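Asker: A structural model of the following input is requested.
(one chain, ligands or ions: 1)
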Amino acid sequence: MNLLLIAGHGAGDPGAVWNGRREADETRRLAADVQQALSGRCTVGRYPEARNAYSDYQTGSLNQTAQFSQYDAVLELHFNASAAGTDGNLKGVEAYVTTTETDTALASAVCSALESLGFPNRGVKRKNWAVISAARRQGVPAVLLEVCFLDDGDDMALYDRRYNEVAAALADAAANALGWKGEKPMTYEEFVSMQERYEQERAARLPGAWSAQARTWCETGGVLNDGRYGSHVTREELAQALYNLAGKGR
Ligand SMILES: [Zn+2]
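Answerer: Okay, here's the model as predicted:
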């Protein structure tokens, strides 16, 4: 599972600007934290931060930079702005897919994820924005997410207050929508403990009848007689068995 995250605007284009905040900065900060939150669950590619995917579309270098066909899905992050630039009327999250998109799972999931944190859900809409259309033409489902309204004080206050949850919720939504089956990344301690359990289970396996003669010979000869016939042999145990075989260990 392989997701391409694109932070909208940048490379000289700030996107929406309000109250000292720039959309291009917010999309990059959030993309980094969504990527971090997805680690271990999903391979995440990031469109080069110093570039502006839309400008690259205009100059014809988008496809080569993005390599869309390597990905299972594309999520392009933006923040909304109302034409009036005033606080109050327009709030919430919305997501866009192209007019021909048949796979709206990711778009619905990211909207619902932010709705669960208190953002009004403006729903999944269809528009052939340049970058998601380019991805779709390469056969990759693509979503343009307008996280919330950068020029709405309530939206941004909620966004700031629950920022960590926003990043985590978007990551969870993407992982679920892209078919992550729920395995969590394993810690080293968990790996060791499972390995030990596996070895114990192996050791407890009963040997087959085919080896009966050989086992009797080993046991009566004192070569190998701990009965752990399903376990793996360490070099240390091999050394001891050979020593026993040579008659020195008895
Ligand atoms: Zn934007």
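Asker: can you tell me the SS state at the residue of the chain found nearest the ion?
Answerer: Nearest residue of the chain to the ion, counting by CB to the ion: residue 78, 3.4 Å away. The way it works is simple: take the backbone N, C-alpha and C, and place the C-beta from them, glycine included. Here residue 78 is recorded as strand under DSSP: H, G, I helix; E, B strand; the rest coil.
Asker: that one is in contact with residue 146, isn't it?
Answerer: Yes: under the criterion of CB atoms under 8 Å, residue 78 makes contact with residue 146 at 5.1 Å.
Asker: one step back: contacts only, for the residue of the chain closest to the ion.
Answerer: 8, 9, 15, 23, 27, 144, 145, 146, 147 (CB atoms under 8 Å, 6 or more residues apart in numbering).
Asker: same thing but at 7 Å, please
Answerer: When contacts are counted by CB atoms under 7 Å, 6 or more residues apart in numbering, residue 78 touches 8, 15, 23, 27, 144, 145, 146.
Asker: try residue 131
Answerer: By CB under 7 Å, 6+ apart, the contact set of residue 131 is 6, 53, 54, 57, 62, 76.
Asker: from residue 31, how far off is it?
Answerer: Residue 131 sits 14 Å away from residue 31, going by CB to CB, to the nearest Å.
Asker: contacts for the host helix or strand of residue 96?
Answerer: Residue 96 belongs to strand 93-97 when assigned by DSSP states H and E. Outside strand 93-97, the residues that touch it by CB under 7 Å, 6+ apart are 104, 107, 110-111, 114-115, 119, 121-127, 129, 132, 143-148.
Asker: quick check: what element follows that strand along the chain?
Answerer: Next along from strand 93-97, by DSSP H and E: helix 105-115.
Asker: now that next one against strand 93-97, angle please.
Answerer: 170 degrees (axes from the mean of the first three to the mean of the last three CA atoms, to 10 degrees).
Asker: by contact count, what packs against helix 105-115?
Answerer: For helix 105-115, the packing partners by 3 or more CB pairs under 7 Å, 6 or more residues apart in numbering; DSSP states H and E come out as strand 93-97, strand 121-126, strand 142-149, helix 163-177.
Asker: off-centre distance for the last one?
Answerer: Here the centre of helix 163-177 is set off from its chain's centre by 9 Å, with CA atoms, centre = their mean, to the nearest Å.
Asker: next, the angle from it to strand 93-97.
Answerer: Using the same axes, to 10 degrees: helix 163-177 against strand 93-97 is 30 degrees.
Asker: run the chain-centre distance for the helix or strand following helix 163-177.
Answerer: Counting by DSSP H and E, the next helix or strand C-terminal to helix 163-177 is helix 188-203. On the basis of CA atoms, centre = their mean, helix 188-203 sits 27 Å off its chain's mean C-alpha point.
Asker: contact partners of helix 188-203?
Answerer: Counting by CB under 7 Å, 6+ apart, 228, 230, 231 sit against helix 188-203.
Asker: how much space separates the last one from residue 199?
Answerer: Put plainly, it is residue 231. Distance from residue 231 to residue 199, by CB to CB: 6 Å.
Asker: equivalent analysis for the first one, please.
Answerer: With the distance defined as CB to CB, residue 228 ends up 9 Å from residue 199.
Asker: near the ion, which residues of this structure show up?
Answerer: When proximity is defined as CB under 5 Å from the ion, the chain approaches the ion at 8, 15, 78.
Asker: dump the contacts of helix 188-203 to CSV, plus secondary structure.
Answerer: Formatted as CSV, the contacts of helix 188-203 follow (three-state DSSP):
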residue, secondary structure
228, coil
230, coil
231, coil
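Asker: middle-most residue in this protein, spatially?
Answerer: Most central in the chain under CA atoms, centre = their mean is residue 42, positioned 2.8 Å from the mean C-alpha point.
Asker: which residues touch that residue?
Answerer: Neighbour list for residue 42: 1, 3, 174, 175, 178, 180 [criterion: CB under 7 Å, 6+ apart].
Asker: let's go with 8 Å and repeat that
Answerer: Counting by CB under 8 Å, 6+ apart, the residues that residue 42 touches are 1, 2, 3, 174, 175, 178, 180.
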